[in-house]
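**Student:** My questions concern the predicted model and sequence given below.
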Amino acid sequence: MNRSIMLASTALLALTALPALAQSTVANAPKNVNVQDAQETADADDPDAIIVTAQKRAQKLQDVPVAVSLVTGDQIRDLGGVNIANVQYLVPVLNFRQSGTSLNQSLFLRGVGTINFSIAAEPSVAVVLDGVVLSRAGEGFGDLYDVERIEALPGPQGTLFGKNASAGVVQIISQRPTRNLSGYVEGSYYSQNEWRGRATLNYPITDKLLTRVTGFYGQYDGNIENVAANVQSTVNGYKHYGIRGMAEYQASDDVSLLLIADYRKAEDDCCAEVIATTPVGITAGALPGVTIQGNKTRQIEQNLVTATNETSWGVSLEADIALGNNTLTSITAYRSWDNQEIRDGDFLSQPYVGVAQLHDNGPQTGTTFSQELRIASPSGVPLEWTAGAYYSRSVSERTFTRSDIVCSATTLPAISPGLFPCSTAPGVSTVTFPTGTANFGSTISNIAAFGQATWNINTRFRAIGGLRLTLDNLDVFHGRDTTLSGPGINPSGPVVGGVTYSIAYPWPGSTSSSNLSGKVGLQYDIVPESTAYATYSRGYKGPAYNIFFNLTATGIGAIEPETVNAFELGLKNSLFGGKMALNLAAWYAKYYNYQANNPDLVAGVVVTRLTNAGNVSTQGASLDLIWRPTTNLSFSGGVAYTDAQVDQFKVPPGGNPAAVVPSGTQLPNAPTWKMTLGGNYTIETGGFANVNLGFQSAYQSSQLSQLDPSAAVRAATTIPAYGILDLTAGLASPDGRWSLLGTVKNVFDQSFTASITTGGPGGSLRYIIPREADRYWGLTARVGF
């Protein structure tokens, strides 16, 4: 109790999750959300107003009856961030689950998200890029470059944003073209041999045709040493490059068009799963070259480098058409995402007698077409409304091969008691090479109609209401041939061409669902500087299938849709003449048929698979603040208290009836306390350069990494509490044409882990160590015109 009181007191001092924005962001907000109205209001009433698009129209942050956490692109860049994984250190209600490959990574808001390895399931936290919903979780972890801002909207947001937003939305808004000829070139070097570069050209071809092009490149060796012979020696690095182009055309006073196209290539040897506890039994000596020391372990010994190769591209066309005082918006988009997962599944450098080598290779292709059409009233009228329709079709296919080397005898001597290495050289060991290949895929179709309205009853009192009707259809297929034995093999399956299959070949599945969800709420201006709101939201996430390599007849049933009832109370305050924004929110949400990866029993072996885990809930409170006491000094930060837990666990069909996760168990990736605090100070020297100083700190309490019925496993896979501090210092010309910035990350060299899971050799634990778990430094130079 005392510790909780102390943390709460510290949190009130630490304050909020919103970065300080020095100026209005209206200029970069999409035109289809009545930016002109918001700009006029902001200029007249509050020239430093922060404008967000959390309700698909431009509004002041302090007027929106939704909890919103903001991060600027400059803030991410200055602190050395690359993708959304770095944003979690700036937003207390946001957590990121890192996995061995980007395909299986997940976002969590207020302790709720989806962990899954299935090709036929969608995330609970939607990532929206410039108005386009990214249908797969892995698509949302691309590089953040030329970003204007990121808006994190916790809680169900499906009324306006769609079905895969049952836990919230993360909006990424890119910099828009402007009427000024401008650009910049930027280069960075970070320790451990990391290089980054980016360049932007903003070119107005005419007053009506504006363009902007940004390219980037980055490469990094990694933070983990691989001591295996004849294999890449450093891992957890990357090589990324890409380009984004925009063209905005004002066809007339009533019609504007925005065309966006992007391309990205990524080659990651991330993320190596470090064996951080000593194996026991026959594999006790299987890692002779590794120094094992918990979350300080920085070595692996693996003869296959775990990697992800990605190619993604997309194009979207947004049209905004004035219809009287209303605005009609059309967003047409097509995206392609190809991902190849390469994984060392035995985590060792060679096969041993009784310990098989297991290597995976799983290329995947995916495309999504989407069309949104909506019409919005102007802002400031007695009844503000938005209504629209949405369609998307997402197709994915994967060919996954698992290759084993099984050794039953060898002539090589033991390297430790009972541990005999094997070789594939002729006559040295008795080995076989069982293998299996599965081809599987999914087609997810979604049609929806939605609307939301705000009735301005008077100048201080407003009522909010909205509905969304969703129709989902999901088709899947799966076929696998294998000579492997063990989990997932059903010897009584059909025989086709002399091969025994684990399930029908090919196996098709299909399910559909309809849902009516929505939102109601009230908003009241207590005084002009203080606004209170209360909302109820009904959220929905569509059905799924657990389609993956090891699929058996036990797991072929459809996974039911996930629904949520959520309540939120908020208070937004503007203090000291607008120099401080102090926002509070409290919430309670209960999820039914929660979709999650859970422990399961297959052929006598405990594995995990996506199921309806039962009912879970999250409740808590958050506080956000922006404080700018002077023109040159600003503070930002945040604190969140989250109690996310299992209410009633549901054993999956065919699972072990005894494998029940107890009620009250903390949900994974949901720390009870999380807080951030940052500050920036500019010293105007009156000379050739000003001095910029800054800091950013983050703290989180312990969090569960693996949901499991065993108390011992839950204890072993709990990530201890940790805190980190980053410092920045730099020079910048008074006119903003050039800057030089130095950054020190994790000043106190606080080691921690991003993930802890079971399943390592000899009962060991697997850790994923992020780069932020070590101290490192960087230098960034930027020249603009």
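**Tutor:** Nice, thanks for sending it over. Here the structure is a predicted model, which means the values were calculated and not measured.
**Student:** And residue 93, how close does it get to residue 780?
**Tutor:** 28 Å (Cβ to Cβ, to the nearest Å). C-beta here means a position set from N, CA and C on the backbone, and glycine is covered the same way.
**Student:** which one of these two has more residues nearby?
**Tutor:** residue 93 (27 against 20; other Cβ atoms under 10 Å).
**Student:** these two touch, right, that one and residue 644?
**Tutor:** No. Residue 93 is beyond contact range of residue 644, at 10.8 Å (criterion: Cβ atoms under 8 Å).
**Student:** a strand runs through residue 76, doesn't it?
**Tutor:** No. Applying DSSP: H, G, I helix; E, B strand; the rest coil, one finds residue 76 to be helix, outside a strand.
**Student:** Please tell me how far it sits from residue 88.
**Tutor:** Counting by Cβ to Cβ - residue 76 and residue 88 are separated by 11 Å.
**Student:** Dihedrals phi and psi, residue 281?
**Tutor:** Note on residue 281: its backbone torsions stand at phi 70, psi -140 [degrees, to the nearest 10].
**Student:** need the contact list for it.
**Tutor:** 762-763 (Cβ atoms under 8 Å, 6 or more residues apart in numbering).
**Student:** likewise residue 569?
**Tutor:** Going by Cβ under 8 Å, 6+ apart, the list of residues near residue 569 reads 532-534, 585-587.
**Student:** try it again with 7 Å
**Tutor:** By Cβ atoms under 7 Å, 6 or more residues apart in numbering, the contact list for residue 569 reads 534, 585-586.
**Student:** helices or strands next to the strand or helix carrying residue 224 in the packing?
**Tutor:** In the assignment (DSSP states H and E), residue 224 maps to strand 209-226. On a contact count with 3 or more Cβ pairs under 7 Å, 6 or more residues apart in numbering; DSSP states H and E, strand 209-226 meets strand 194-204, strand 234-250, strand 299-300.
**Student:** Direction included, what does it pair against?
**Tutor:** Applying DSSP bridges, strand 209-226 is found paired with strand 194-204 (antiparallel), strand 234-250 (antiparallel), strand 299-300 (parallel).
**Student:** Of all the ones you listed, which one is nearest residue 553?
**Tutor:** Comparison of the strands paired with strand 209-226 against residue 553 by Cβ to Cβ identifies strand 299-300 as nearest, at 35.9 Å.
**Student:** Following the chain past that closest one, name the next helix or strand.
**Tutor:** strand 307-323.
**Student:** before we move on, back to that, same question for the strand holding residue 224, mean pLDDT?
**Tutor:** For strand 209-226, the mean per-residue pLDDT is 97.
**Student:** mind listing what's buried in it?
**Tutor:** The neighbour-count check on strand 209-226 (16 or more other Cβ atoms under 10 Å) flags 210-218, 220-226 as buried.
**Student:** Tell me the gap between the lengthiest strand in the chain and the middle of its chain.
**Tutor:** As assigned by DSSP state E, the longest strand anywhere in the chain is strand 383-410. Centroid displacement of strand 383-410 relative to its chain, using Cα atoms, centre = their mean, to the nearest Å, is 15 Å.
**Student:** So which elements touch it?
**Tutor:** strand 357-376, strand 429-432, strand 435-456.
**Student:** Quick check: mean pLDDT of it?
**Tutor:** So the average pLDDT for strand 383-410 ends up being 95.
**Student:** check contacts around residue 386.
**Tutor:** Per Cβ under 7 Å, 6+ apart, neighbours of residue 386: 56-57, 374, 376, 451-452.
**Student:** And it, how close does it get to residue 329?
**Tutor:** 9 Å.
**Student:** what about residue 197, distance to residue 220?
**Tutor:** Taking Cβ to Cβ, one finds residue 197 at 13 Å from residue 220.
**Student:** Below-threshold pLDDT in the stretch 551-700 of the chain: ranges please.
**Tutor:** 599-608 (pLDDT under 70).
**Student:** residue contacts, the residue nearest in space to the middle of the chain?
**Tutor:** Closest residue to the average C-alpha location of the chain: residue 107 at 3.7 Å, with Cα atoms, centre = their mean. Residues near residue 107 by Cβ under 7 Å, 6+ apart: 84, 94, 96, 113, 123, 125, 140, 170.
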